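Sequence first, predicted model second:
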Amino acid sequence: MSSPALAASRASAADYLELTKPRITLLVVFTALVGFVMASPGRVSGAVLTPALLGIALVAGGASALNMLLERDTDALMQRTRPRPLPAGRLRPVEALLFGLILSGLGLGTLAWLSGWLCAAVALATWASYLFLYTPLKRRTSLSTLVGAVPGALPPVIGWTATGAGLEPGAYALFAIVFLWQVPHTLAIAWIYRDDYARGGLPVLPVLDREGHLTGRQAVLHCLALLLVSLAPAVAGRAGVVYLAGAAAMGVVLLGFAVRLAVLRSLAAARGLFLASVTYLPALFLLLLADRR
């Protein structure tokens with residue numbers, strides 16, 4: 001293969017990888033892992049865990065590729081997303097469509113075959129609500145943030161049910177934690193890029209609420225609710241006192257960043273809340289795994 005052809009092949013592989021939104025897919029797999037481990041009595045079975053995480057990663061990657069296909073016109077209007085493979089013209093829509101459908105089909109098939117029908121059904125609900133509820137609503141209403149938080153919070157439930165367990169209170173607690181965490185996290189991102197979102201015609205709350213009063217209050221309220229809900233695993237006896245103390249401390253810190261955003265209503269405060277949020281969830285879940293009962 002000639003050097004230019006080899007370079008083109010490498011660029012194409014990178015573009016397909018970019019379609020899967022690797023960082024989001026990694027977070028999906030991680031939160032699913034937490035759900036799986038928390039639902040596993042005693043020792044975790046690697047033979048059950050491995051195909052579950054593979055299937056979940058494929059479904060997440062496929063959903064992301066199809067989301068990029070559906071949002072390619074909006075992405076072309078925004079500086080942050082304009083370089084993506086579809087608006088930049090490095091991939092054709094039909095290529096993204098086939099890639100997304102193949103990944104999604106392989107993932108759902110893997111989950112149905114090796115992880116159980118309930119697990120596959122929850123994954124299908126996640127996939128469908130992300131693509132056919134959240135994605136179209138994103139162009140119409142700021143409430144899409146709450147709608148999008150539902151599929152975003154389901155991966156730990158997929159992991160939970162991959163063990164063979166049913167939809168139990170522990171799964172709902174993990175769902176609630178991830179759901180509430182997404183609101184201040186997403187609001188912070190939307191504040192940081194609100195001019196870009198406005199350019200793309202996306203009515204996220206910081207675009208509509210230019211003074212930031214409502215955005216700040218929403219961030220504070222959801223962080224306060226998150227602080228309380230994050231204690232549920234310890235209260236239910238699924239985690240120890242170390243987790244309880246750590247969750248309380250981290251929740252107070254995250255709430256402090258949200259209050260700072262509500263008071264200052266500045267780009268710097270939004271960046272601070274964003275950085276605190278991306279640190280909070282992995283730290284909370286790692287502590288939960290370390291102190292699980």
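In hand now; what should we look at? This one's a predicted model, so the numbers in the text were calculated from it and none came from an experiment.

what residue ranges in the stretch 51-200 of the chain are flagged as low confidence?
Within the stretch 51-200 of the chain, no range satisfies pLDDT under 70.

would you list every one of the helices in it?
72-77, 93-114, 117-129, 135-137, 144-153, 155-161, 169-192, 194-199 (DSSP state H, counting those that start in this stretch).

Please state the offset of the second one from the chain centre?
This means helix 93-114. How far helix 93-114 lies from its chain's middle: 19 Å, per Cα atoms, centre = their mean, to the nearest Å.

Check what contacts it and list those residues.
Under the criterion Cβ atoms under 8 Å, 6 or more residues apart in numbering, residues 16, 19-20, 48, 51-52, 54-66, 68-69, 72, 85-86, 119-120, 123-124, 127, 158, 162 lie in contact with helix 93-114. For every residue, glycine as well, the C-beta is placed using N, CA and C.

And the buried ones among these, selectable in PyMOL?
Only the buried entries of the contacts of helix 93-114 go into this PyMOL selection, using 16 or more other Cβ atoms under 10 Å:
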select buried, resi 16+19+20+48+52+54+55+56+57+58+59+60+61+62+63+64+65+66+68+69+72+85+86+119+120+123+124+127+158+162
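
Which ones among the contacts of helix 93-114 map onto strands?
Within these, no residue falls in strands by DSSP state E.

how about the helices of the stretch 51-200 of the chain, which one is nearest V29?
Among the helices of the stretch 51-200 of the chain, helix 155-161 comes nearest to V29, with 7.6 Å by Cβ to Cβ.

can I get the CA coordinates of that closest one in PDB?
Extracted C-alpha coordinates of helix 155-161, given in PDB (Å, rounded to 0.1, in the frame of the first residue of the first chain):
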ATOM      1  CA  PRO A 155     -26.000   1.900  31.900                       C
ATOM      2  CA  PRO A 156     -25.600   0.900  35.600                       C
ATOM      3  CA  VAL A 157     -29.000  -0.700  35.300                       C
ATOM      4  CA  ILE A 158     -27.900  -2.600  32.300                       C
ATOM      5  CA  GLY A 159     -24.800  -3.800  34.200                       C
ATOM      6  CA  TRP A 160     -27.000  -4.700  37.200                       C
ATOM      7  CA  THR A 161     -29.400  -6.900  35.100                       C
END
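
How far does that helix sit from its chain's centre?
13 Å.

now stretch 107-120
20 Å.

Contact partners for the spatially most central residue of the chain?
Closest to where the C-alpha atoms of the chain average out (Cα atoms, centre = their mean) is G152, at 4.4 Å. By Cβ under 8 Å, 6+ apart, the contact set of G152 is 130, 178-179, 182.

same question, V263
Shown in contact with V263 (Cβ under 8 Å, 6+ apart): 216, 269.

give me the element it is part of.
Element membership for V263, per DSSP states H and E: helix 241-264.

With just CA atoms, put that helix into PDB.
Below are the C-alpha coordinates for helix 241-264, written out as PDB (Å, rounded to 0.1, in the frame of the first residue of the first chain):
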ATOM      1  CA  VAL A 241     -19.100   4.000  56.600                       C
ATOM      2  CA  VAL A 242     -16.100   5.000  54.600                       C
ATOM      3  CA  TYR A 243     -18.300   5.300  51.500                       C
ATOM      4  CA  LEU A 244     -20.900   7.200  53.600                       C
ATOM      5  CA  ALA A 245     -18.300   9.700  54.800                       C
ATOM      6  CA  GLY A 246     -16.700  10.100  51.400                       C
ATOM      7  CA  ALA A 247     -20.000  10.500  49.500                       C
ATOM      8  CA  ALA A 248     -21.100  13.200  52.000                       C
ATOM      9  CA  ALA A 249     -17.800  15.100  51.700                       C
ATOM     10  CA  MET A 250     -17.700  14.900  47.900                       C
ATOM     11  CA  GLY A 251     -21.300  15.900  47.600                       C
ATOM     12  CA  VAL A 252     -20.700  19.000  49.800                       C
ATOM     13  CA  VAL A 253     -17.800  20.000  47.600                       C
ATOM     14  CA  LEU A 254     -19.700  19.600  44.400                       C
ATOM     15  CA  LEU A 255     -22.600  21.500  45.900                       C
ATOM     16  CA  GLY A 256     -20.200  24.300  46.800                       C
ATOM     17  CA  PHE A 257     -19.100  24.600  43.100                       C
ATOM     18  CA  ALA A 258     -22.800  24.700  42.100                       C
ATOM     19  CA  VAL A 259     -23.500  27.500  44.600                       C
ATOM     20  CA  ARG A 260     -20.400  29.400  43.300                       C
ATOM     21  CA  LEU A 261     -21.900  29.200  39.800                       C
ATOM     22  CA  ALA A 262     -25.300  30.400  41.100                       C
ATOM     23  CA  VAL A 263     -23.700  33.400  42.900                       C
ATOM     24  CA  LEU A 264     -21.000  34.400  40.400                       C
END
